[in-house]
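*Asks:* Provided below are the primary sequence and the corresponding predicted coordinates.
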There are 4 protein chains.
Amino acid sequence: MSKKIRRIAISTGGGDAPGLNAVIRSVVISAIYRGWECYGIRDGFNGILGSHRYPDGIIPLTRDRVRGIAHLGGTILGTTNKGNPLKYPTRLADGTMAETDRSDEIIAYFQRHRLDALVSVGGDGSLAIANVLHKKGLPVVCVPKTIDNDLDKTVTTFGFDTAVEFATEAIDRLHTTAESHQRIMVVEVMGRYAGWIALHSGIAGGAHSILIPEIPFDIDKVAAKVRSREDFGRTYSIVVAAEGAMPVGGKREILKTATAGQEERLGGIGEQVARSLQERTGKDARVVVLGHLLRGGSPTSFDRLAALRFGAAAVRALESETFGVMVALAHPNVEYVALEEVAGRMKGVPLDSDIVQTGRDIGIAFGD
Amino acid sequence: MSKKIRRIAISTGGGDAPGLNAVIRSVVISAIYRGWECYGIRDGFNGILGSHRYPDGIIPLTRDRVRGIAHLGGTILGTTNKGNPLKYPTRLADGTMAETDRSDEIIAYFQRHRLDALVSVGGDGSLAIANVLHKKGLPVVCVPKTIDNDLDKTVTTFGFDTAVEFATEAIDRLHTTAESHQRIMVVEVMGRYAGWIALHSGIAGGAHSILIPEIPFDIDKVAAKVRSREDFGRTYSIVVAAEGAMPVGGKREILKTATAGQEERLGGIGEQVARSLQERTGKDARVVVLGHLLRGGSPTSFDRLAALRFGAAAVRALESETFGVMVALAHPNVEYVALEEVAGRMKGVPLDSDIVQTGRDIGIAFGD
Amino acid sequence: MSKKIRRIAISTGGGDAPGLNAVIRSVVISAIYRGWECYGIRDGFNGILGSHRYPDGIIPLTRDRVRGIAHLGGTILGTTNKGNPLKYPTRLADGTMAETDRSDEIIAYFQRHRLDALVSVGGDGSLAIANVLHKKGLPVVCVPKTIDNDLDKTVTTFGFDTAVEFATEAIDRLHTTAESHQRIMVVEVMGRYAGWIALHSGIAGGAHSILIPEIPFDIDKVAAKVRSREDFGRTYSIVVAAEGAMPVGGKREILKTATAGQEERLGGIGEQVARSLQERTGKDARVVVLGHLLRGGSPTSFDRLAALRFGAAAVRALESETFGVMVALAHPNVEYVALEEVAGRMKGVPLDSDIVQTGRDIGIAFGD
Amino acid sequence: MSKKIRRIAISTGGGDAPGLNAVIRSVVISAIYRGWECYGIRDGFNGILGSHRYPDGIIPLTRDRVRGIAHLGGTILGTTNKGNPLKYPTRLADGTMAETDRSDEIIAYFQRHRLDALVSVGGDGSLAIANVLHKKGLPVVCVPKTIDNDLDKTVTTFGFDTAVEFATEAIDRLHTTAESHQRIMVVEVMGRYAGWIALHSGIAGGAHSILIPEIPFDIDKVAAKVRSREDFGRTYSIVVAAEGAMPVGGKREILKTATAGQEERLGGIGEQVARSLQERTGKDARVVVLGHLLRGGSPTSFDRLAALRFGAAAVRALESETFGVMVALAHPNVEYVALEEVAGRMKGVPLDSDIVQTGRDIGIAFGD
């Protein structure tokens, strides 16, 4: 169909997510099936912009190279949070640092090495970069990536199901130990802006309270839930908190000053909630931070399938010259959404979601 | 809101499915939350129609009774394939057996024991029964149940994800042993009428051929796939076959005469495919039948959440007097579909599904 | 054989451990099989000494009560760290608190309620109590319980394998995310006095450094290991640290002042190691504390079998009037060890263990 | 210490087992750590004796080649049941086939390519071959491999724990579906000569009857167990049968005539037991054959650790010139056993094992 496309490149940007390798495998096999060549850019776009010498930063992706990787966590290409190409940290002549837009270099690199198109796998940041590259004329198709499930215009994406499954398993484990020791156990999960992981795993895992950014919580109401369980002879409680959960009417002190790294050290929301509940209820309260454990591991079958579908759909989009789009899941189909429509949009938990309502119906407190 | 509903009953019919207990828990807690009483009918409708003496066939479902069951497989109420109330096997006066419509007895039972409404959890058969009961004036809400994912009008339901996850894990395991022994391994999974489990697990698990009822297969093409892999030095092959997969242009001999039980004994499609491939390729071929293993086990977090949402949504439907409906998943929402619209409809894999296309793009043979 | 034993009691003391319910089930069924009655003491010995009114603190354990519990985490009897019967916190007449030896009350309780013998499941503390009760004439058999595997005179006990399995899975997950982000990931696991969990899971999970109490570590050598990996192009490192790991030549500051609860809040050894490695290597370092997650969950098949064997062996010991012993695993057999021999003994990792040597052989640094 | 050893080879023979790759990794890293070179012989000894052209049949094993393989099932070297070097199928000049002892060729190959020693990983057959090679002067150390756990002189070896864990999980799954449908479910597991897998998984999984080769069974007693459960209102039963289980006083008809492949097709012991129980009890009975599923998959942490210990211990044996031995597990240590002592010895379940007694104590029927 398309005359143009013969050589494509793929990059994986932002954080790790289970399913990245399945996307890569699917893109590569689908491309080879069409007679194309496929290359992988290492470490987000740093394989092009960073210290890698050509051709170290870009590797040929053959059938053999992507064999047996669909069920492996991580990404064979590496990923990185540093070095957004639109704001690349650069040392100026006077020694100070500045942020530079290096998107033109990427375009030039593609032209110089006769790469016809890009499949960009990533989150919000990668979508923005892809949109710029697309506007500058590079044929681009995006595959959405977010553990947190906070990207709009797709029902879900790969990685989220794996994270929820692991978080649910962790909550399962904590039930018996919390009950045996008659404790409050606070489980902090990922979700800085959206509470999807906390909501899904909290309901599936039988948590008693769920705290999410979308519903500011009153700690006294959470404590009241603990006490009302005591009245029924339930001497323990499980609280699941998204890392971005917030008390009513105020920011958490901690967020004002700390960087992400420092915040983790100083104690996140889970720590604070545990301390507050212990004070209010007199019960022993402990916190478990699942954090990094949620990013790794072998993807669930759901995530593997989603990732493989997305990868194949991205190649079909390139073939049919459907550029500047993001692949999206609209059960039972995949569809394409213009990058313009998704860039910068965040998908929080709607307050009228039947999932929240399910939580309320089965007695889970949201602290509101 | 509703004045009428004070006491409801729940039944689970047809085969076992992971998530049934989560539905039960959700219905019970949601109902108690509204001040209702909740009862469980044992063994499908046999708790009413069978040999149980009143009140043995119907048990009060309290908070304590449904505690900690959401993650357990099976159903605390029991289930049964025998004794469809519309065609109940009955011994006549002359000693011969006949099928009787006993739906009026169910209606009478509900009236006699002042049960105001029914939540019926089940598959195709249960939906048909529920529709009859609804037309006879009983307030009914259905929750769809099918491991095979072959019920129409809902994207999916609980149980399917768990089955696919286990099947995928099994396929993963067989890769290494098939490769070590340079064998063909045929994995037979459930799916008499629809190939969803085979399709999802086959793609997620990296099968090389997938045989489903919707795509009649040519065994020579499956054998050709095995041989073409040999040409690339891949000395093993994994074939996933739905139990209802069919060769092109003909029924399987075996299906003409055998009952379900006998068929299993005589050898299902997996057995036949393995034998045929061994003859055609000269390679050692083995079959693994996952069958019953797919029905059991603890539900995945996805299935638990779906089941809990369905249970709560069923109670909300009763509360708002939305009777004669099936709860359905229409991501990201649950919705209600009239029983009229779903009864007797089967959802096969659409041949233009992007999932099938994904399979083709990544080199999986469907035998067509 | 024994004329005396007709009614026995079982208690589970100390922390939670996967397999406790399997022990209970095995004791109960084995006892009933011999025509005995079986009772469960709730919350360690607090069912007798605490606020429970008779008979609330002791529950009849029937076949039905222990049905289907062997694979469940936790303990249906509850457990507790508070209220060691030998040093029970008691309020004196003048309002001050003192520690009282209440073992005589337990003896009296058994006599009053015609309980002939005790199966005591627990760790170091429970063994000491059992030994006192045994010396006062109560027929006692102990079942060892320790997640940490630090009880002497038994190769292992239930719970440890489950903890190691989960820790290994967690380390597996962290590999991909650590590699993708080129980080140091420090995993803190249980083991205040012995490094078994860290050693087994660290080797099985492919950690690069393992820090255990038995081998004081030099943080500079751990940092050197990180750097030497960098030299080979391995840009990430996994460090597994037992909570009781110690730097060479000194106690950790924190341990001087903090209680267990405070220590957790202030930051354990994992936190400190991560911070030190980040300073020394310039690499981003994060910590994951597995703590409570290791105690819960369904026991592995190994732990279930060990627990069932121990429970049955305890009843056989009572039947043959082998009192005052602990059941022990001496592959392939179980055997009985006099309580005198085990009380107060701790089993650390021997420095000449082939497991440590295996770690060194495959390049793992112990920081020494 | 040793002057001689500079280049070693490793082979993996017989069937697949989870942990083979961990052994390989451990041998390779331990050898490189000592400055040795390491080579892998492909497909058992067929890399030397088969159709591979030199050097295709033997591959250099570097650090990179064995990176990240410890948790993968299968073996990167391949394995094979065909072509025992002591009885190698050979076409004679007249066209007929004969069995030839080709061990001298292996010795010559090692000399020609200056390979100083062999680490042979395998079961009974491999031990016999290794013993012959050892007697002919080749420095050999063996690592025992058997899923079935039927090798003598070692408490256990890698692979067995993984198989038991999976079988137990399968039995867990079947409980709920058997109960829901009020069926007899027969689970056939590996174990042609020894019933270890059936015994361990059957007890851990809560089976109601366990049939093993060591205890000939009376099918009427198994049926009686099913009926006695019915009397207690337990309307389902789980029977676990080792593939080598035998009825009292006679061989199974089927074994007289069928080859292994045919037997599988005709129906193994599980099939026969299910049919017999259905006839005798009138209950619906189904069979699940786990077979190949038990060989594959990622090894448990126990098996990974055992495999890594064995690999490192094998290299240490070579270093200290301890030749002609098998590495063995003697908790808590590994030790070395002379090949003479192990060759041809099989380890069945001792009838006085406390594990069998545990089964009896908790009400499991063995059919005797």
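*Replies:* Good, I have the coordinates.
*Asks:* which bits of the stretch 201-350 of chain A sit near chain B?
*Replies:* A:201, A:203-206, A:300-302, A:304-305, A:308-309, A:312-313, A:315-316, A:331-334, A:350 (Cβ under 8 Å from any Cβ of the partner chain). C-beta coordinates here come from the backbone N, C-alpha and C atoms, glycine included.
*Asks:* in strands, which of those appear?
*Replies:* A:N333, A:V334 (DSSP state E).
*Asks:* pull the distance from whatever helix or strand A:G270 lives in to the chain's centre.
*Replies:* Element membership for A:G270 (DSSP states H and E) is helix A:269-281. Here the centre of helix A:269-281 is set off from its chain's centre by 27 Å, with Cα atoms, centre = their mean, to the nearest Å.
*Asks:* for it, buried residues please.
*Replies:* For helix A:269-281, the neighbour count (16 or more other Cβ atoms under 10 Å in any protein chain shown) marks A:I269, A:G270, A:E271, A:Q272, A:V273, A:A274, A:S276, A:L277, A:Q278, A:R280, A:T281 as buried.
*Asks:* I'd assumed A:R286 was in contact with the second one.
*Replies:* It stands for A:G270. No - counting by Cβ atoms under 8 Å, A:R286 is not a contact partner of A:G270; they are 9.6 Å apart.
*Asks:* now for these two: what residues contact both?
*Replies:* Residues touching both A:G270 and A:R286 (Cβ atoms under 8 Å, 6 or more residues apart in numbering or on different chains): A:V186.
*Asks:* residue ranges with poor pLDDT in chain A?
*Replies:* A:1-3, A:81-82, A:250-267 (pLDDT under 70).
*Asks:* need the longest helix for it.
*Replies:* helix A:160-181 (DSSP state H).
*Asks:* compute the inter-axis angle for that helix and helix B:160-181.
*Replies:* 110 degrees (axes from the mean of the first three to the mean of the last three Cα atoms, to 10 degrees).
*Asks:* skip ahead from helix A:160-181 and say which helix or strand is next.
*Replies:* Heading C-terminal from helix A:160-181 (DSSP H and E), you reach strand A:184-189.
*Asks:* okay, now the sheet partners of that next one, with direction.
*Replies:* Here strand A:184-189 is paired, per DSSP bridges, with strand A:237-242 (parallel), strand A:285-289 (parallel).
*Asks:* got those strands as a markdown table, with mean neighbour count columns?
*Replies:* Shown next, in a markdown table, are the strands paired with strand A:184-189 (neighbours: other Cβ atoms under 10 Å in any protein chain shown):
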| stretch | mean neighbour count |
| --- | --- |
| strand A:237-242 | 29 |
| strand A:285-289 | 24 |
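*Asks:* helices of the stretch 101-250 of chain A, start to end?
*Replies:* Using DSSP state H, counting those that start in this stretch, the helices of the stretch 101-250 of chain A run over A:103-112, A:124-135, A:160-181, A:196-204, A:219-231.
*Asks:* tell me the most buried of those?
*Replies:* Most buried of the helices of the stretch 101-250 of chain A by mean neighbour count (mean count of other Cβ atoms under 10 Å in any protein chain shown) is helix A:196-204; its value is a mean of 29.
*Asks:* what does that helix rub up against?
*Replies:* The contact list for helix A:196-204 (Cβ under 8 Å, 6+ apart) reads A:147-150, A:160, A:163-164, A:167-168, A:170-171, A:189-191, A:207, A:210-212, A:240-242, A:245, A:294, A:349, A:355-356, A:358-359, A:362, A:364, B:70, B:301-302, B:304-305, B:308.
*Asks:* just the CA atoms of that helix, as PDB, please.
*Replies:* Extracted in PDB, the C-alpha atoms of helix A:196-204 (Å, rounded to 0.1, in the frame of the first residue of the first chain):
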ATOM      1  CA  TRP A 196      -7.100   3.900  39.400                       C
ATOM      2  CA  ILE A 197      -4.600   1.400  40.900                       C
ATOM      3  CA  ALA A 198      -5.800   2.200  44.500                       C
ATOM      4  CA  LEU A 199      -9.400   1.900  43.400                       C
ATOM      5  CA  HIS A 200      -9.200  -1.300  41.500                       C
ATOM      6  CA  SER A 201      -6.900  -3.100  43.800                       C
ATOM      7  CA  GLY A 202      -8.600  -1.800  46.900                       C
ATOM      8  CA  ILE A 203     -11.900  -3.100  45.800                       C
ATOM      9  CA  ALA A 204     -10.600  -6.400  44.400                       C
END
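*Asks:* now it and strand A:184-189, what's the angle there?
*Replies:* 140 degrees.
*Asks:* so what's the residue count around the closest residue to chain D within the stretch 251-368 of chain A?
*Replies:* For the stretch 251-368 of chain A and chain D, the shortest gap (Cβ to the nearest Cβ) falls at A:S298, measuring 8.7 Å. A total of 24 residues lie near A:S298 under the criterion other Cβ atoms under 10 Å in any protein chain shown.
*Asks:* then the one 4 residues further on?
*Replies:* Look at A:F302: counted by other Cβ under 10 Å, it has 25 neighbours.
*Asks:* how far away is it from A:G19?
*Replies:* To A:G19, A:F302 is 9 Å away according to Cβ to Cβ, to the nearest Å.
*Asks:* likewise for A:A128?
*Replies:* Using Cβ to Cβ, A:A128 is found at 21 Å from A:G19.
*Asks:* mind checking the SS state of the residue of the stretch 251-368 of chain A found nearest chain C?
*Replies:* With Cβ to the nearest Cβ as the measure, A:G296 is the residue of the stretch 251-368 of chain A nearest to chain C, at 3.2 Å. Following DSSP: H, G, I helix; E, B strand; the rest coil, A:G296 is assigned to coil.
*Asks:* show me what contacts it?
*Replies:* Contacts of A:G296 (Cβ under 8 Å, 6+ apart): A:D16, A:P18, A:G73, A:G74, C:D172, C:R173, C:L174, C:H175, C:T176, C:T177.
*Asks:* which among those residues gets closest to A:G344?
*Replies:* A:D16 (22.8 Å; Cβ to Cβ).
*Asks:* that's a strand at that closest one, yeah?
*Replies:* No - per three-state DSSP, A:D16 lies outside any strand segment and is coil.
*Asks:* wait, it touches C:L174, no?
*Replies:* No - using Cβ under 8 Å, A:D16 makes no contact with C:L174, being 10.1 Å away.
*Asks:* show me what from the stretch 1-150 of chain A comes close to chain C.
*Replies:* A:G15, A:D16, A:L72, A:G73, A:G74, A:T75, A:G78, A:T79, A:T80, A:N81.
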